[in-house]
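**Q** Based on what follows, work out the 3D shape:
(2 chains)
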Amino acid sequence: MFTGHRGVGKTTELKRVKRMLEKGEVGRPMFVSFLEAEQWLDLQDVQAPDIIFHMVRQLVDDLSEAGFGLGRAKFEQFFGEIKGLLNSEVEFQSIKVPAGIVEFGLALKDVPRARPTLRKLIEGHLPTIYDLINQVVLTKAREWLKENGLAEDILVIVDELDRIPQKVIDPKGLTNQRNIYLDHAAILRSLGCHVLYTVPIELAFSDAHLLLKAAYGCETLLLPLIPVSQRNNEDCLDGIHALCRIVRERIAKTGATPQQVFEDDVLEQLCRVSGGYIRSLFILLRSAIERCDSLPITKDVAERTVRRQAIDLSLALRPRHREALRAVHKSKAAFSEDSELWNLLLGNLMALPYEDESGVWYDWNPLIAAVPGGV
Amino acid sequence: MAAISAPVTLSPENQVEFATLSRMLELASGFTLAFVRVNHASLRDRLVGELLARFSRKNTLCVALRPPPEDGTVVHGVVTQLLDAVGSGHPDAIFVFGLDAMFDPAARDSPALDILNLNRSYLAKRFSCPVVFWIAEFGMRELISRAPDFWAIRSGTYHFVGESEDARSTLAQVGDGFDWNLGLREKHERTGILQHVLKEIESAARPDPAVLAAVLYQLGRASEFEWSADGGSGYFQRALALCQRIGDRRGEADCLLRLGNAALRQVRYSKARHLYEQALPIYREIGARVGEANCVRSLGDVARMLADHSAAEGLYRQALSLYLKIGDRLGEANCLWGVGDVARLQAHYAEAEQWCQRALAIHRQLGNRLGEASCLLSLGDLARLQTHYAEAEQLYLQALRLNRRIGNRLGEANCLRSAGDVAIEEARYQETGDFYREALPLYRQLGDRLGEANCLRGLGDVAAHQARYVEAEELYRQALPLYRQIGDRLGEANCRLTLGDTARMCARYIEAVDLYRQAQSLYRQAGDDLGEANCARGMGDLARLQLHYTDAGELYQRAISLYRRIGDRLGEANALCRLGDVERMETRLAQAEVLYHQALPIYRSIGSRLGEANCLQSLGELARKQSRYEAADESYHQALSLSRQIGDRAGEANSVRGLGDVARMQERYAEAEDLYRRALPLYREVGLRLGEAGCLWSIARLAAVQHNLGTAREAADLAAAIYSDIGLTAQAQQVCDEFTQSQP
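**A** Next comes the predicted model:
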């Protein structure tokens, strides 16, 4: 289980992990299948069986591309059988079962009307799919991978699942995220190979985190932000320098020098208020550049830019948010009094997670301190 | 980078932002997502005009998004609308307007933003130019929290602050037609704009008091739409002070009138009257005749609420003639409705209906949905009062839809509760409960304690009808203090009456008599014939249970004449039936039969299945007493099937037991035993102890004729114990006597 803020670099990190594992740079070499969830699933309305279906589809596709075609053939054969079965059923008259598995998968995403029927079709045959994949395809694939010296084991990475927007789906307050990750953990755990799921940060940092641990038997890994300050509110110089380095490298690519772009310590200042959140840093930089008649970016322009961004952020701040954020800034811990509010603050980047040797800690987004009139 | 000169007509702060925005448009290469935050359409139009002129060589596409229609039909989302607008063109920049109208800031979910949030990467792939969303501040706030991923890929935001002139023109736009008839979403949108304009004006160095007063006044109106607890008083008070300071007489009178309306809604009648009386001379002085007419009508409302019927009617008629002179049709319709409501309060239903229909026709012509909904609700009430339940329900549901559309939550709650009131009359208890439960939180949100109390009492009635007496009592006891707090004597009386009924059903007779007497005196004070009739009926029931048949007969007779006077057909039928029961007990069987046959057609004509079932049950008892067993059997069967249809478990038990009695009389003993054994657990399930005792008595008799004396005595003992337990000593004695005699 893997989580982190939007835009913190999860996908980049996962792609790097994939590359390293495939090359055997760390541990045994692995065959890695990478599913980009958003491309295949309608995240507004997604359920565990849909995810499994696409994981299997992606896996057999990737294996087939690598030269192991058995999985795909088996899957399509099986698929043809159940499709025939269903086409003969009267209740299925209004929807045509798509011809191939890819088309089927696309229909699952793009034709919401067909979704319940197609989902029922998958759900009804889950045990068969498990048997087919776990006992036939995976076993044979592992043998084949080993024989050809390609990999020792198999990993499926499901990226972008953390983008499932949180929704309350029943009167008792159950959310779709809990429903997928906790209530249907058995389905998500059913593939007999290594699996890495991305988890929405609101879920991973809610009271559900212990349940997640129990359901999947592992910790949820966090990709933290680059720290710009420490728990004692002092600057974290390593972090700030790392951020500056990222910016300097980009400047170098344009042929300019940092001195041409920034006056004095403006860059450090912008890195500090970015909270270590790369996307926020680049919005700040871009916005500052737009505010200049000519480079370098002056202190004055930088301050104005920060103030503007702070005002934007404060638009969504309600009094109780301010209260909670003050508490978080003071305690450097999660706001436990109201979990719904806390989820919102994490999701909106009002509160940011960091990690040090003593574990995860939180702070408010440094832009909040720059809100005119204070928090 | 070349310096960008901004138009000098802009304030210095806005010039900086303008230059920044221009620079972005100049520098942007590829997809760039930008948000311009501006609250005033006038300022926005100026800025767009300047930009289009400045970048006249560039191909800038302006797209105005079409908001979803109120009826909830799905329209194309933001992305689709953009794609349609762009077509095969290659604009250098796209300006998008109206994103804030795509969602309702007060709704929990906003599918339009969800979809936008998920389609952000598609947007980035499809458009290779700056896409600039022009959006009001409230819209931006919602966007940040509801579409965080979309927001996160922005490249920049630009903020323009309006000046007095902009505020004035925005106010004119927002104020135009800012009334109940606007769709809910649009009302919320305008409120959002007003709140931010207020903030802008307040933070200006020297706020313009006239503009400030106007914003505050409109925000007060917005609170009216929300049925906020203070009815917008806070805003109106501040606006009033400003108007008085700058000598705006009309503004002053308008604020006073609104404050009066707020007081009226808070049930502070004398305060309301005082405020209206302050506003009236001002309107007269400045010759504002609509204002004058509104004041007179509002004074009529006060009189109506205080049950001063003739004063109310006089004031409404006075206002009506003013409205007719000015040609103000809305005022005319409101007055007609008022006169009609006064007629309704005096139980002149046919007359009330005529007035209301006239008002309805005008509201429909004017397209005034609030008025239309109020008229439909009133017509529904009139239909219900005349026991035309199906018609009433139709009308309530029509009104409900209208109220939901315009976001009138109080109206919505009232319609739901009224629909519940109809459903309970037709013994559709499940639905009734659903209606009340839906209305209850609305009333609580609105702080409407009367509505809350009525819903609680209604839910109590449902529980009582379903024989869940403990729960019913609990609900009545929650409602009672609410009625007392708001000084609603009638509500209190109703509560005591129903508590009396539950006490009676739970066989706490002494308590029941007390409660009936308390209710009766409250009803007499209020001159409420219906309540008094119900009390007479309840006390009649008690007397009947205690075998005081003469008393019971007199009480029922009194109830019947009261019900007839007010035209309550259900009440009349129920009392006729009970009187029939008394006659039956007194073995005046022919009289009883006449009474039942008077009641039965009434039940059928008003569609009361519960009443019909009970009446059939009584006819069954009568036939059994006359030894016409086949007729008895048939009546019981008919009653049984009706009871099952409406889920009346107690009725079901009675019918099954009746069938058992018939079987016993016809010496079909095994069948009788089987039937009794089915009835007994039903009685126990619903907690109807009287029925349980009666059933045990029948079992004892059955056992006796089968010479199974042990069982007979055992059942008789149990029955006697229950009778004495529930205070029916006479019956207990009867059982004992009967089985002592049969002892060898």
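**Q** quick one: least confident helix or strand in chain B?
**A** Taking mean pLDDT, DSSP states H and E as the measure, chain B has helix B:111-118 as its least confident helix or strand, at a mean of 75.
**Q** outside of it, which residues touch it?
**A** Helix B:111-118 has contacts (CB atoms under 8 Å, 6 or more residues apart in numbering or on different chains) with A:38, A:43-44, A:163, A:165, B:68, B:77-79, B:102-103, B:142-143, B:146-150. All C-beta spots, glycine's among them, are computed from the backbone N, C-alpha and C.
**Q** Tell me the buried residues in stretch A:259-274?
**A** By 16 or more other CB atoms under 10 Å in any protein chain shown, the buried positions in stretch A:259-274 come out as A:Val261, A:Phe262, A:Val266, A:Leu267, A:Glu268, A:Gln269, A:Leu270, A:Cys271, A:Arg272, A:Val273, A:Ser274.
**Q** close enough to count as contact, the fifth one and A:Ala242?
**A** Okay, so that is A:Glu268. No - look at A:Glu268 against A:Ala242 with CB atoms under 8 Å: they stay out of range, at 11.8 Å.
**Q** rewinding a little: just to be sure, which of the buried residues of stretch A:259-274 are found in helices?
**A** Mapping these onto helices (DSSP state H) picks out A:Val261, A:Val266, A:Leu267, A:Glu268, A:Gln269, A:Leu270, A:Cys271, A:Arg272, A:Val273.
**Q** other SSEs contacting whatever helix or strand B:Ala390 lives in?
**A** Taking DSSP states H and E as the definition, B:Ala390 sits inside helix B:389-406. Contacting helix B:389-406 under the criterion 3 or more CB pairs under 8 Å, 6 or more residues apart in numbering or on different chains; DSSP states H and E are the following elements: helix B:184-202, helix B:369-385, helix B:409-425.
**Q** ok and that helix relative to helix B:369-385, angle-wise?
**A** Orientation check (axes from the mean of the first three to the mean of the last three CA atoms, to 10 degrees): helix B:389-406 against helix B:369-385 gives 160 degrees.
**Q** and helix B:389-406, how far from the chain's centre?
**A** The chain centre lies 10 Å from the centre of helix B:389-406; the measure is CA atoms, centre = their mean, to the nearest Å.
**Q** Over to stretch B:649-667?
**A** Here the centre of stretch B:649-667 is set off from its chain's centre by 41 Å, with CA atoms, centre = their mean.
**Q** Now do the buried residues in it.
**A** For stretch B:649-667, a neighbour-count test (16+ other CB under 10 Å) marks B:649-664 as buried.
**Q** for stretch B:482-502, same thing?
**A** Buried positions in stretch B:482-502, judged by neighbour count with 16+ other CB under 10 Å: B:482-483, B:488, B:490-502.
**Q** okay, among those, which ones form the most distant pair?
**A** Pairwise distances across the buried residues of stretch B:482-502 (CB to CB) peak at 20.1 Å, for the pair B:Asp488 and B:Thr502.
**Q** Of the buried residues of stretch B:649-667, which is the nearest to chain A?
**A** Of all the buried residues of stretch B:649-667, B:Arg649 has the smallest distance to chain A: 27.3 Å, by CB to the nearest CB.
**Q** which residue sits closest to that closest one, ignoring its sequence neighbours?
**A** Spatial nearest neighbour of B:Arg649, chain neighbours left out: B:Val686 (4.8 Å); criterion: CB to CB, 6 or more residues apart in numbering or on different chains.
**Q** Okay, A:Gly27 and A:Arg142: tell me how far apart.
**A** According to CB to CB, to the nearest Å, A:Gly27 stands 16 Å off from A:Arg142.
**Q** out of these two, which sits in the more crowded spot?
**A** Neighbour totals were compared for A:Gly27 and A:Arg142, and A:Arg142 leads with 17 against 10 (other CB atoms under 10 Å in any protein chain shown).
**Q** I would like the residues contacting stretch B:602-621, please.
**A** Here stretch B:602-621 makes contact (CB under 8 Å, 6+ apart) with B:387, B:389-390, B:425-427, B:465, B:569-570, B:572-574, B:576-577, B:580-581, B:584, B:592-593, B:596, B:599-600, B:631-636, B:638-639, B:642-643, B:645-646, B:648, B:651, B:654-655, B:658, B:662.
**Q** 7 Å instead?
**A** Contacts with stretch B:602-621, where a contact means CB atoms under 7 Å, 6 or more residues apart in numbering or on different chains, come from B:387, B:389, B:425-427, B:569-570, B:572-574, B:577, B:580-581, B:584, B:596, B:599-600, B:632, B:635-636, B:638-639, B:642-643, B:645-646, B:648, B:651, B:654-655, B:658.
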